[in-house]
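Engineer: let me see the structure of the following:
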Amino acid sequence: MLLPLLLLGCEPKDLKESAPEDTGYVYVDTAPTDDTAPDSAVDTSPIDDTSVETGRDTNRVDTSVDTGTVAPSWLTLEVWPAAMIVHPGATWPLRVVATDPDGARGDLPTDLDVPTFAVDDPTIATVDTAGLVTALAEGATTVRVFIGGLEADCTIEVRADGVATITVLDGATGAPIEGAKVAIPFSSPVSTDASGIALLPVPDGLPLTFSTWVDDEYDALTVVGMVGRQLTVSVLPKDTVLNDATLTGAVDFSGIDDGGWSDVVVGFAAASIQGALASTRLEDLFADERAITVFGVDVEAPANLFVEGAAETYDATAFAGDVAVWGLGGPIAIADATESLSGTGDALQLLADNIGAMSWGQVTGLTATSGASTTADLAPADRFDDLVTVSLPPLSLGFTGTEEYFLLAAEERAAEGFVVTGLGTGTPAGSTDIPTVLAGTVLDSLGTTVLAYAQVGGVGSGGATSSAVATENAEGNLIAPLLQDIATVDAWDPAVRTFAYTVDADADYVRVRLRDERNRVHDILAPSSWSGTIPNCVTSFRLPSATVEVLALETTGGNYEGWLAAGELGVDTKPTVTAARTTQE
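Structural biologist: Numbers count the residues shown, from 1 in each chain. Below is the predicted model of the structure:
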């Protein structure tokens, strides 16, 4: 009877890619190795890299001021990348972010204030008034950024050795990978040594695209538009599941209102959101299904949904590490609970519509272990007696205009991530009250945050999504920033591997994930929109069957070159404020 509630929500032109072919890569392993097995054929068709990292678009910053407004006294000043190793001819923009006395962060320059730039040795590198750096000659120097008595620096080393130093790590363990192949189109792949380092010959200082792979043992990775010549990348072993920890426990229903004779008590439990809130997918809150019996009817339900008298325990997935669990439950009319619901969106909407009668609980201070279960019994007893108000932006380009926001209110804990404390829906371009538990219920909170989540066609439709995170400003108001425009896949021909996508101009980082029907993955990382030809690094990867996902992130700090240099390429390592995601099968 409850099954509906519990549900979560072209022919290739040429198949020659399935057989080895002459693709322009010459197999030359430069790292010492005893492996004499032949390398698999690799397709490195030219990548027509049209991505251009043009610097920060500041059109989201409200620069309107009254006549006579005095520029603020900035408290902090940061610049990215903080260090670069490049070749002569390299050009890249600096990203400058300042914090004002109220704690608000924003990109500079704006109409309100403009930093100045200087370089110690202009014979080695130059910088213009917009922060665009150009490397001229071999040597070392520093670019300095000044504003309001503050200074931030970017150190630069210009090398003329014609080599990019690339370190390849195991994304699950962090250990260096020996024998990984690294190559640019129409060049000889080089192999990483025991330290995971490959010295890749490169022609000049212009933006570079390269791929790395380890035959069929790991996911393949292509990095687009790299200017720096020393960076670290991570690749995951195939079939890796990162959120393979489990939180499990019994539910104490004594603090939950039973409702009336025509109601059934239904609840939901989930791990704290341990990564970037903006890039969270609502369907990821639901666990895999399990069989339960409700009123004598056998149904399949998410394992983290509980029903009094039928399934009084929960199992929720989590990432290994520090974590909390939260849950809510309450009476729902049997008639509503047994209606034909279409998936994730309807299930979440049902919970939001009945939240006024529900109770909430949490368990903090947990440690989840990869591949194992951690027990945390849950006793929801706190009512949703408080409200948080959030101002929502209009829908962005790509929506039909009829969609609403689904809203998650959360409190952030330093180690455990975001503990959800309220649910609601909201109308675009308006203010909405979200029922939450009382302030202070989540101890050691770093502050209240709201995820505003919109999906083309409505939540649960399977359409593209765009989301934004609202945090408290100096006045204690929650204001969500403008959404990114919906990301689009403009061209995709798996027979010849031509591919193009467009993302919002304010995106700072893009990850494209191709996944074939055997769950093999080829990731593409880029700083912006891109068009080109996807290398077929591992010939067993079945591009004609691949699902394509484009994820674009807008952040409050950092930039693409800085993340490449530091090896911080994971989606959840960034201070994300908006995200847009599109999937095409």
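Engineer: surely residue 394 is in contact with residue 428?
Structural biologist: Yes. Counting by CB atoms under 8 Å, residue 394 does reach residue 428; the two are 5.0 Å apart. All C-beta spots, glycine's among them, are computed from the backbone N, C-alpha and C.
Engineer: between the two, point out the one with more neighbours.
Structural biologist: residue 428 (19 against 12; other CB atoms under 10 Å).
Engineer: any low-confidence regions in the stretch 1-150 of the chain?
Structural biologist: The stretch 1-150 of the chain contains residues with pLDDT under 70 at 1-72.
Engineer: helices of that one, start to end?
Structural biologist: 3-6 (DSSP state H, counting those that start in this stretch).
Engineer: just the strands in it please.
Structural biologist: 76-80, 83-86, 91-93, 95-99, 105-108, 116-119, 125-127, 132-135, 139-147, 150-158 (DSSP state E, counting those that start in this stretch).
Engineer: nearest to residue 479, out of these?
Structural biologist: strand 105-108 (13.4 Å; CB to CB).
Engineer: partners of that closest one in the sheet?
Structural biologist: strand 95-99 (antiparallel) (DSSP bridges).
Engineer: so for the nearest residue to residue 138 once chain neighbours are set aside, what's the pLDDT?
Structural biologist: Nearest residue to residue 138 in three dimensions, chain neighbours excluded: residue 160, at 4.5 Å (CB to CB, 6 or more residues apart in numbering). The model reports residue 160 with a pLDDT of 95.
Engineer: still on that earlier bit, turn the strands of the stretch 1-150 of the chain into CSV, columns for distance to residue 269.
Structural biologist: Below are the strands of the stretch 1-150 of the chain laid out as CSV (distance: least, CB to CB, whole Å):
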stretch, distance to residue 269
strand 76-80, 39
strand 83-86, 44
strand 91-93, 45
strand 95-99, 37
strand 105-108, 34
strand 116-119, 51
strand 125-127, 52
strand 132-135, 50
strand 139-147, 47
strand 150-158, 44
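Engineer: among those strands, which comes closest to residue 533?
Structural biologist: So among the strands of the stretch 1-150 of the chain, strand 91-93 is nearest, using CB to CB, at 24.1 Å.
Engineer: what packs against whichever helix in the chain runs longest?
Structural biologist: For the chain, the longest helix by residue count, based on DSSP state H, is helix 344-353. On a contact count with 3 or more CB pairs under 8 Å, 6 or more residues apart in numbering; DSSP states H and E, helix 344-353 meets helix 3-6, strand 405-413, strand 417-426.
Engineer: ok, now with 7 Å
Structural biologist: Where contact means 3 or more CB pairs under 7 Å, 6 or more residues apart in numbering; DSSP states H and E, helix 344-353 is packed against strand 417-426.
Engineer: C-alpha coordinates for the strand it packs on, PDB please?
Structural biologist: Extracted in PDB, the C-alpha atoms of strand 417-426 (Å, rounded to 0.1, in the frame of the first residue of the first chain):
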ATOM      1  CA  GLY A 417      28.800  18.500   8.100                       C
ATOM      2  CA  PHE A 418      25.200  19.700   7.800                       C
ATOM      3  CA  VAL A 419      22.500  18.300  10.000                       C
ATOM      4  CA  VAL A 420      19.100  18.900   8.400                       C
ATOM      5  CA  THR A 421      16.700  20.600  10.800                       C
ATOM      6  CA  GLY A 422      13.700  21.600   8.600                       C
ATOM      7  CA  LEU A 423      12.000  21.100   5.300                       C
ATOM      8  CA  GLY A 424       9.800  23.300   3.200                       C
ATOM      9  CA  THR A 425       8.900  24.600  -0.300                       C
ATOM     10  CA  GLY A 426       9.200  28.100  -1.600                       C
END
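Engineer: which residues are in contact with that strand?
Structural biologist: 272-274, 277, 324, 326, 351-352, 355, 362, 384, 388, 390, 392, 404-413, 432, 434-437, 441-442, 449 (CB atoms under 7 Å, 6 or more residues apart in numbering).
Engineer: follow-up on the earlier one: what's the local residue count around the residue nearest to residue 138?
Structural biologist: Per other CB under 10 Å, the neighbour tally for residue 160 reads 12.
Engineer: over to residue 207?
Structural biologist: If you count neighbours by other CB under 10 Å, residue 207 ends up with 18.
Engineer: next one: it from residue 216, what distance?
Structural biologist: 29 Å (CB to CB, to the nearest Å).
Engineer: mind showing which ranges of this structure have poor pLDDT?
Structural biologist: 1-72, 338-345.
Engineer: would you map out the domains in it?
Structural biologist: Domain ranges of the chain: 24-51+161-204+207-240+487-584, 76-158, 245-479, per automatic domain parsing.
Engineer: where does residue 562 sit: helix, strand or coil?
Structural biologist: helix (DSSP: H, G, I helix; E, B strand; the rest coil).
Engineer: how about it: what's its closest non-neighbour residue?
Structural biologist: Closest to residue 562 by CB to CB, 6+ apart is residue 81, at 3.6 Å.
Engineer: ok, residue 155 next?
Structural biologist: In space, residue 155 is closest to residue 83, 4.7 Å off (CB to CB, 6+ apart).
Engineer: so that neighbour makes contact with residue 153?
Structural biologist: No. At 9.1 Å, residue 83 does not count as touching residue 153 under the criterion of CB atoms under 7 Å.
Engineer: list the contacts for residue 368?
Structural biologist: By CB under 7 Å, 6+ apart, the neighbours of residue 368 are 245, 247, 318-321, 323, 374.
Engineer: and of the residues you listed, the nearest to residue 178?
Structural biologist: residue 320 (25.2 Å).
Engineer: neighbours around the closest residue to that closest one other than its chain neighbours, how many?
Structural biologist: Leaving aside its sequence neighbours, residue 320 sits nearest to residue 370 (CB to CB, 6+ apart; 4.1 Å). Residues near residue 370, counting by other CB under 10 Å, number 14.
Engineer: show me the contacts for residue 370.
Structural biologist: 244-245, 320.
Engineer: okay, those residues in JSON lines with secondary structure next?
Structural biologist: Below are those laid out as JSON lines (three-state DSSP):
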{"residue": "244", "secondary structure": "coil"}
{"residue": "245", "secondary structure": "strand"}
{"residue": "320", "secondary structure": "coil"}
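Engineer: who wins for most neighbours among those?
Structural biologist: Of the contacts of residue 370, with other CB under 10 Å as the count, residue 245 tops at 24 neighbours.
Engineer: which residue is the nearest non-sequential neighbour of it?
Structural biologist: residue 368 (3.7 Å).
Engineer: one more: residue 379?
Structural biologist: In space, residue 379 is closest to residue 252, 3.8 Å off (CB to CB, 6+ apart).
Engineer: check residue 393 too.
Structural biologist: Nearest residue to residue 393, sequence neighbours excluded (CB to CB, 6+ apart): residue 482, at 4.8 Å.
Engineer: so what's the residue nearest to residue 562 up against?
Structural biologist: 154, 559, 561-562, 565.
Engineer: next, the buried residues of the longest strand anywhere in the chain.
Structural biologist: As assigned by DSSP state E, the longest strand anywhere in the chain is strand 321-333. Under the neighbour-count criterion of 16 or more other CB atoms under 10 Å, strand 321-333 has 322-332 buried.
Engineer: which one among those residues gets closest to residue 93?
Structural biologist: For the buried residues of strand 321-333, the nearest to residue 93 is residue 322 (35.9 Å; CB to CB).
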